[in-house]
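>>> Sequence plus the predicted model coming up.
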Amino acid sequence: MNPAQTMRVTAPAAAAHGGLRTVLRTTAPIAPATSVIDVAQRILDPQHEGLLSLPVVDEGRPVGTISRYELMRVFLMPYGRELYGRRPITSLMNASPLVLDWATPLDLAARAIATHIRSPITDDFVLVDGAGAYVGTGVVLDVLRAVEARLAERGGELERAYARLKSSQLQLVQSEKMASLGQMVAGLVHEINTPLGYVRNNVEMTRDALGDTVRLVASQQAVVDALLGGGEVGESGFEVHLAEIEMLRARVDTAALEDLRELLDDTLHGVGQIGDLVLNLKDFSRLDQAGFQKADVNKLVDGALKIAQHLLRKSGVAVVREAGDVPEIECAPAQINQVLLNLVGNAIQAIDHDRGRILVRTQWLDGRALILVEDNGKGIAAENLQRIFDPFFTTKPVGQGTGLGLAISHQIVGQHGGTIRVASKPGVGTRFLVVLPAAPTEKSA
């Protein structure tokens, strides 16, 4: 008897130790000459529970399958037992069963089953080894369960990979932030040194003035004590104290004390400037563990401009600040600060003439905060305009840009449920518009 006309799926060599071996059921085969009634008795055996069909094998090769459905159909026919009971099983068997190599990968086997087996499912499939010899049967539901388990495992792998990706993404954002921060540090040192210098000078002047004041008060106290009779100052000592009082009064008078108060006011102002710079630096560099919170957009813009102040001064670029009446929005402040600093920094670098001007405008429109950063720099070529938000794309010389600033800015704005748009004309300038909702529609993890 010829082997069954079957669909054979040959497994790749790499799958030789897995695949359908995991769902193999060792099932005693039916010989082709076995009578229908004997097969009916065998299929009722408890060891065959769960099987839809039994394999028919001739000389070690599968030639067909006989299903419970077909046997039931026959025996429910009038005189079906009498008509078919003594016939060989080959008269009823399915001569074109699905035959699969037992090393076939589960996903490939699932596709083969979906293509070959009819609905409703009435037959199992037959498993053979690499030489085509019968080794057992496979149940469709077993394959489906195995595929489901494999998908669940891969789903777990995808979740872990996604977690690693998010971690890498956070590291990438922080790396870009630190790169931007490194470019700002040298200028911020100068910005801090300026108020620090006059704070130190004022403190030294205050110290000298207080020294004279202490001496004046001590001499006056000695004279008062002598006049009241409670002191031990002689006539010569009395005259010495009077002379010292006269000398010190010329240096420590009401006007001098008023100057001293102004020095202290200037000192407090300088300390306040240093505190603002340090606070802005801290707000920009932190990882923003607090997440989303209410924030004043205008304060975020002003903070970014303070961080970039030394670059603006060094480049001779003027800033036109137009602050609109914008209510607080829910955002990640450090992330928005990073976006703003990136846009301002790019605008400064785009200006290569001595008439540099950057317009920074904020306004509230239709429940959204709008932040405009516009420069009169060299602009962006049309062929590059569609790529500026692509990671690692940059038109700056090697060593002057990572190509991540705008890509990360685009991602941050998107995670806030906002948009960032750009318009540019070479030789005229570039305009970036950031639109942020009052509350984010998609919060970053």
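That came in fine, so what should we check first?
>>> Show me where this structure has its helices.
Ranges of helices in the chain, per DSSP state H, are 36-43, 68-76, 80-84, 106-116, 140-227, 235-249, 254-285, 297-307, 309-315, 333-350, 382-385, 405-415.
>>> Turn those into CSV, including distance to residue 128, mean neighbour count and mean pLDDT.
Every residue, glycine included, has its C-beta placed from N, CA and C. Formatted as CSV, the helices of the chain follow (distance: least, C-beta to C-beta, whole Å; neighbours: other C-beta atoms under 10 Å; pLDDT from 0 to 100):
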stretch, distance to residue 128, mean neighbour count, mean pLDDT
helix 36-43, 21, 18, 92
helix 68-76, 22, 16, 91
helix 80-84, 28, 14, 89
helix 106-116, 13, 17, 86
helix 140-227, 16, 14, 73
helix 235-249, 114, 14, 66
helix 254-285, 66, 15, 74
helix 297-307, 69, 21, 89
helix 309-315, 74, 16, 84
helix 333-350, 60, 23, 89
helix 382-385, 59, 12, 86
helix 405-415, 52, 21, 87
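>>> Same list, those helices, but as TSV with distance to residue 21 please.
Formatted as TSV, the helices of the chain follow (distance: least, C-beta to C-beta, whole Å):
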stretch	distance to residue 21
helix 36-43	25
helix 68-76	25
helix 80-84	36
helix 106-116	10
helix 140-227	11
helix 235-249	104
helix 254-285	56
helix 297-307	61
helix 309-315	66
helix 333-350	51
helix 382-385	55
helix 405-415	45
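>>> so which of those helices comes closest to residue 291?
Nearest to residue 291 among the helices of the chain is helix 333-350; the distance by C-beta to C-beta comes to 9.8 Å.
>>> the inter-axis angle of that closest one versus helix 297-307?
Helix 333-350 and helix 297-307 are oriented at 50 degrees to each other (axes from the mean of the first three to the mean of the last three C-alpha atoms, to 10 degrees).
>>> closest one to residue 93 among the helices of the chain?
Among the helices of the chain, helix 68-76 comes nearest to residue 93, with 7.9 Å by C-beta to C-beta.
>>> Report the inter-axis angle for the closest one versus helix 36-43.
Using the same axes, to 10 degrees: helix 68-76 against helix 36-43 is 130 degrees.
>>> and helix 68-76, what other elements does it pack with?
When contacts are defined as 3 or more C-beta pairs under 8 Å, 6 or more residues apart in numbering; DSSP states H and E, helix 68-76 packs onto helix 36-43, helix 80-84.
>>> So residue 103 versus residue 131, what's the distance?
Per C-beta to C-beta, to the nearest Å, residue 103 is found 12 Å from residue 131.
>>> who's more crowded, those two?
residue 103 (21 against 8; other C-beta atoms under 10 Å).
>>> I'd say that one and residue 24 touch.
No - the criterion here is C-beta atoms under 8 Å, and residue 103 misses it with residue 24 at 10.5 Å.
>>> Domain map for the protein?
Following automatic domain parsing, the chain resolves into domains at 7-138, 180-285, 293-437.
>>> Can I get the ones you listed in a markdown table including distance to residue 156?
As requested, the domains of the chain are exported to a markdown table (distance: least, C-beta to C-beta, whole Å):
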| stretch | distance to residue 156 |
| --- | --- |
| domain 7-138 | 17 |
| domain 180-285 | 35 |
| domain 293-437 | 25 |
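>>> among these, which is nearest residue 162?
Taking those one by one with C-beta to C-beta, domain 293-437 is closest: 15.1 Å.
>>> how many neighbours does residue 35 have?
Other residues lying near residue 35 total 15 when counted by other C-beta under 10 Å.
>>> Could you do residue 322 as well?
Using other C-beta under 10 Å, residue 322 is surrounded by 10 other residues.
>>> so it touches residue 371, yeah?
No - using C-beta under 8 Å, residue 322 makes no contact with residue 371, being 10.9 Å away.
>>> Find residues that contact each of these two.
Shared contacts of residue 322 and residue 371, defined by C-beta atoms under 8 Å, 6 or more residues apart in numbering, comprise 360, 361, 362.
>>> ok, the residues you listed vs residue 53, which is closest?
Of all those, residue 53 sits closest to residue 362, with 73.8 Å by C-beta to C-beta.
>>> isn't that closest one right up against residue 326?
Yes - applying C-beta under 8 Å as the test, residue 362 and residue 326 come out as touching, 5.2 Å apart.
>>> Could you tell me which residues touch both of the two?
Common neighbours of residue 362 and residue 326 (criterion: C-beta under 8 Å, 6+ apart): 297, 298, 369.
>>> any idea what sits nearest the second one, other than its immediate chain neighbours?
Closest residue to residue 298 apart from its sequence neighbours, by C-beta to C-beta, 6 or more residues apart in numbering: residue 323 at 4.9 Å.
>>> Kindly report the same for residue 315.
Spatially, and ignoring its direct neighbours in sequence, residue 315 is nearest to residue 348 (5.4 Å; C-beta to C-beta, 6+ apart).
>>> so can I have TSV of the helices and strands packed on helix 68-76 showing distance to residue 122?
Listed next are the helices and strands packed on helix 68-76 as TSV, based on distance: least, C-beta to C-beta, whole Å:
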stretch	distance to residue 122
helix 36-43	13
helix 80-84	17
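>>> closest one to residue 377 among the ones you listed?
Of all the helices and strands packed on helix 68-76, it is helix 36-43 that lies closest to residue 377, at 83.5 Å by C-beta to C-beta.
>>> So what touches the closest one?
30, 48, 51, 54, 66, 68, 71, 74-75, 81, 84-89, 91-92.
>>> From residue 364, how far off is residue 36?
According to C-beta to C-beta, residue 36 and residue 364 sit 84 Å apart.
>>> Also residue 116?
Distance of residue 116 to residue 364, given as C-beta to C-beta: 63 Å.
>>> next one: residue 432
In terms of C-beta to C-beta, residue 432 sits 18 Å off from residue 364.
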